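Build the 3D model from these lines:
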Amino acid sequence: MTDQMKAIVVERLGPPDVMEIRDIPVPQPGEGEIRIEVEAVGINFADVLAVAGEYLTRTRVPYTPGMEFAGIVQSLGEGVTHVKVGQRVACLGGSGALAKYAVVKATGIIPVPENFTGAQAAAFPVSYFTAYHGLKTLGRGQEGEWVLVQAAAGALGTASVQLAKAMGMKVIAMASTEEKLQLARDLGADVTLLQDDPDRVQKVREAAGGKGVPLILEVVGGKRFQESLDMTADQGRVIVIGNASREPADMRPVELMKRNLTVTGLWLTSMMADREATVAAAKALTPLVASGQVTPQVGPTYALDESARAFQDILDRKTIGKVVIEPGR
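Numbering: from 1, shown residues only. Next up, the predicted model:
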C-alpha cells in the first residue's frame, strides 16, 4: 500500500467544477477510528450544496466531499474491537469519502445486509433513515393515510415511496418527467403527477378525496412551498426536508393557525444524535430490507474523475435514483 491516494479536493466553494482530483496522503486511523477502502459513495443534494457553500453547516476548505459511503474495513485504530477487517460497512462520515480511502469514527458505521452490493450499501443510510423519520418519527404517518412525495424518482423519493407503501400508506408521487413517474409507479405509487402540471394543486387535493393530503414530504421549497400548504389537508403535516429550488420561501403563520397545520423541519444529522429515534428507525428498517420490501434504487454510477459531472447532473435533474461514485473504477 502506498502512502498517497487519489481524492477529490475542494479549495474554493462554488459550482461542481471547483472539484479537482489530486494525490493526497492516505489517512491514518486514530483511537476509536477505522480506515475503509471506499467502494462507493452515495451523492446527496446536500453534497452539492456543501461544495457550493450553501449547506446548513459551514463548509471549511480545503476538504474532500462525500458524506455517505460504503466500503471494506481496511485497518482498525486503537480501541476498536466491534468491527472486523474485511467487513463491508456503510458510513455517515460527514465528508472525506470521495477518495480511495476514508477514516471515520467506528461509532459512525452501519452494518449492511450481505446481499447488498457496495453501491446499494452506499445508497441506503441517508435516504432510508431520512424517509423513515419524515414518514413516521416526525410525520406520524398512519396506515391508510395519503402522503405526497415530491421528487419521487430521486434517492429520497424512491426510498419514501417504498417505505410509505410498506407502512400501508397511499402515495401521490410527483416528478419532472414521465420516465421518473413510471419508476414511482413501479415502486407502488398510487397516483402520479408531473410536478409542472398547471392543475397540480387541484389534482393532488382531488386524489386525496378532495380535502388535501394529511402528510407532505417537502423538498422543493421556494415558491412551491406555498403550494405544499395549499395541497395539505386541515390539521395536516408538512415535513421540510430540502430546498431543491435554492430559493427562499415565504410562509404566513396566520395560515397555519387558520387550518391548524404543522410545519416541521427534518435534518438527519441532528436526528442521528437522538439515539432512541435512530434505534427505532433501524429496528423498523431491518426486516423491510431483509424481506426485499425496500431496496435502494441505484441510479447512474461515475468514476472518481467524473465527480464534477455527477454533481452537475444532479443539479440539472438528469438523474434517477441514487447517484453513486465509485473511486475504484
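
quick one: secondary structure of residue 328?
When classified by DSSP: H, G, I helix; E, B strand; the rest coil, residue 328 comes out as coil.

separation between it and residue 304?
8 Å (Cβ to Cβ, to the nearest Å). Yep, even glycine has a C-beta here, placed from its N, CA and C like the rest.

what residue lies at the spatial centre of this protein?
Centroid-nearest residue in the chain: residue 127, 3.4 Å away (criterion: Cα atoms, centre = their mean).

tell me which element that one falls in.
According to DSSP states H and E, residue 127 maps onto helix 125-132.

Name the surrounding residues that touch that helix.
Helix 125-132 is contacted from outside by 42, 44, 46, 67-68, 90-92, 110, 155-156, 158-160, 163, 217, 241, 266, 268, 271-272, 278, 281-282, 284-285, 294, 296, 322, using Cβ atoms under 8 Å, 6 or more residues apart in numbering.

What segments of the stretch 201-329 of the chain are helices?
Using DSSP state H, counting those that start in this stretch, the helices found in the stretch 201-329 of the chain span residues 224-231, 253-259, 268-271, 275-291, 307-315.

Ok, which of the ones you listed comes nearest residue 199?
Residue 199 lies closest to helix 224-231 among the helices of the stretch 201-329 of the chain, at 11.7 Å (Cβ to Cβ).

Now list the buried members of the contacts of helix 125-132.
42, 44, 46, 67-68, 90-92, 110, 155-156, 158-160, 163, 217, 241, 266, 268, 271-272, 278, 281, 284-285, 294, 296, 322 (16 or more other Cβ atoms under 10 Å).

coming back round to it: residue 328 and residue 304: which is more packed in?
Neighbour count, other Cβ atoms under 10 Å: between residue 328 and residue 304, residue 304 has more, with 20 against 13.

I'd like the distance between the more buried one and residue 5.
Residue 304 sits 10 Å away from residue 5, going by Cβ to Cβ.

cool, and residue 303?
In terms of Cβ to Cβ, residue 303 sits 15 Å off from residue 5.

Which one's more surrounded, these two?
Taking other Cβ under 10 Å, residue 303 and residue 5 do not tie; residue 5 has more neighbours (19 against 14).

Could you name the specific helix or strand carrying that one?
strand 4-9.

which secondary structure elements does that strand contact?
Strand 4-9 sits against strand 20-25, with contacts defined as 3 or more Cβ pairs under 8 Å, 6 or more residues apart in numbering; DSSP states H and E.

and the strand it packs on, how far from the chain's centre?
Distance of strand 20-25 from its chain centroid, counting by Cα atoms, centre = their mean, to the nearest Å, is 26 Å.

and residue 143, how many neighbours?
8.

if we can go back for a sec, of the contacts of helix 125-132, which belong to strands?
Among the contacts of helix 125-132, the ones falling in strands (DSSP state E) are 42, 68, 90, 91, 92, 110, 217, 322.

so what's the fifth one bridging to?
The one in question is residue 92. residue 68 (DSSP bridges).

if we can go back for a sec, find the pair from the ones in strands among the contacts of helix 125-132 with maximum spatial separation.
91 and 217 (24.8 Å).

Could you check the pLDDT of the closest residue to residue 313 other than its chain neighbours?
Once flanking residues are discounted, residue 313 sits nearest to residue 319: 5.3 Å by Cβ to Cβ, 6 or more residues apart in numbering. The model reports residue 319 with a pLDDT of 93.

What is the burial count for residue 319?
18.

ok now the lowest-mean-pLDDT helix or strand in the chain, how far from the chain's centre?
Within the chain, no helix or strand scores below strand 109-111, which has a mean of 82 by mean pLDDT, DSSP states H and E. How far strand 109-111 lies from its chain's middle: 16 Å, per Cα atoms, centre = their mean.

What is it packed up against?
strand 88-92.

contacts for the strand it packs on?
36, 39, 67-73, 83, 97, 102, 104, 108-112, 116, 118, 121-122, 124-126, 272.

Weed out the non-buried ones from those.
The neighbour count (16+ other Cβ under 10 Å) marks 36, 39, 67-71, 73, 97, 102, 104, 108-110, 112, 116, 118, 121-122, 124-126, 272 as buried among the contacts of strand 88-92.
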